[in-house]
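# A structural model of the following input is requested.
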Amino acid sequence: MLKERIKKLRKIFQQSGLDLFLTDDFANRYYLSGLESSAGWLLISLNSAYLLVDSRYFEKAKKEVSDFFEVIEVEDFFKATARICETQKIKRVGFESHNLTHQKLVRLKSALRGKKLVGTIGLVEDLRSQKDESEVTLILRSIRVAEIAFKNILNLIKPGVSEAELAWELEKKMRDLGAEKVAWQPLLIAVGENSALPHYGHGKHKIKNGDIVQFDFGAVVGGYYSDISRVVFVGKPSVRQKQIYNLVLEAQRQAIDLVKDGAVGGRIDGKVKEFLRKKTDGVFRHSLGHGVGLEIHELPRLYVGSKEKLQSGNVITIEPGIYLPGWGGVRIEDMVLITKDGCKVLTKLPKKIEEVTV
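A predicted model of the protein is given here:
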């Protein structure tokens, strides 16, 4: 599996005239080598692969990383890279211009005098956007952990309970079920008017009867993320609450019908927003969705103006919303796997209004 990923990457950077590709990005390093570490450089030439780590990770890397990588313990990543470039007679080095800091780039230029440094964007991220079977399996596990945890706290959603209390209980349940961590901090649990804030977080606000409670949460399992949004109504929802909820649900249904291999994400985003604007104010201004995998936000992205085409193997979110300041908001988010003929919805939590009323 890792060999196949390296093979694909080599083909891409060879077409760009590169002799060697360098990444120090956590997710890209993990995707290509399988090593989870806070530091390390991965250097891939056309016929060799090197993993440079400091003393903290050397023994771990020797045990966990495939033997087609040469694991090297280093004190100075820049000098070690220069030595490899000299040994391999490297002339053109590709680095990730969107990840490498300016400070590191200055030091790299100094260490690699005489070499041509070429900035690249998204070479590994493009590969990561199409998930293989093993990745989809881990994403499904992450989704199931989040879903079971959510179901286990439904009985706690009642008047007098605070957003922070629900956030803590949800996080605990996900950890108890095997999550390495939650997908982000703070988890979003927004009560009442707070639900009109798309990235609110959570606070001390307490639930009262008639409130909307907006949840946006996820787990990390095996390094892979999940991302789910659900609304819960405390008590019988009002006519207005039902209207807004059903509009968002219909918008999501339309989006799910539109996504497939070859579809342009920006166009789908535009169509869904156009549908909602004809019905209500407060239409979401964030993107309709994004890729999910080793990071919570990956390629592809579904937003107006984007010309990215969806591809089979993409795992993306579909998350339309309506946000009305002073009233509240509704966002419903599922994860789907793009296929040649459409998509497979991976999230299984119920969405019918009677199923989300407590």
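
# only C-alpha atoms from now on, for both contacts and neighbour counts.
Noted.

# list the contacts of the residue nearest the centre of the chain.
With distances taken as Cα atoms, centre = their mean, residue 296 lies nearest the centre of the chain, 2.1 Å away. The neighbours of residue 296, taking Cα atoms under 8 Å, 6 or more residues apart in numbering as the test, are 183, 225-227.

# what's the answer for residue 339, then?
260-261, 311-313.

# and residue 254, by the same measure?
residue 272.

# same check, this time on residue 26
Counted by Cα under 8 Å, 6+ apart, residue 26 has contacts 36-39.

# if we go to 10 Å?
Contacts for residue 26 (Cα atoms under 10 Å, 6 or more residues apart in numbering) come out as 35-41, 99, 294-295.

# what about the host helix or strand of residue 230, distance to the chain center?
Using DSSP states H and E, the element containing residue 230 is strand 228-233. Strand 228-233 sits 19 Å away from the centroid of its parent chain (Cα atoms, centre = their mean, to the nearest Å).

# after it comes which helix or strand?
helix 239-258.

# other SSEs contacting the next helix or strand after that next one?
Once the chain leaves helix 239-258, the next helix or strand it forms, by DSSP H and E, is helix 265-277. Helix 265-277 sits against helix 239-258, strand 289-291, strand 298-302, strand 321-324, with contacts defined as 3 or more Cα pairs under 10 Å, 6 or more residues apart in numbering; DSSP states H and E.

# next, the buried residues of the first one.
Meaning helix 239-258. 241, 244-252, 255-256, 258 (16 or more other Cα atoms under 10 Å).

# what angle sits between that helix and strand 228-233?
160 degrees (axes from the mean of the first three to the mean of the last three Cα atoms, to 10 degrees).

# helix 239-258 to helix 265-277, inter-axis angle?
150 degrees.

# please state the offset of helix 239-258 from the chain centre?
Chain-centre distance of helix 239-258: 24 Å, with Cα atoms, centre = their mean.

# avg pLDDT for that helix?
For helix 239-258, the mean per-residue pLDDT is 97.

# so where's the stretch 101-250 of the chain uncertain?
Judged against pLDDT under 70, the stretch 101-250 of the chain has no low-scoring part.

# where exactly do the helices run in it?
102-111, 123-128, 133-153, 163-176, 239-258 (DSSP state H, counting those that start in this stretch).

# from the chain's centre, how far out does the fourth one sit?
Just to be clear, that refers to helix 163-176. Counting by Cα atoms, centre = their mean, helix 163-176 is centred 20 Å from the centre of its parent chain.

# so which bits of that helix are buried?
Quick answer for helix 163-176 (16+ other Cα under 10 Å): 163-167, 169-171, 173-175.

# quick check: the farthest pair among the residues you listed?
The most widely separated members of these, counting by Cα to Cα, are 163 and 175 (18.5 Å).
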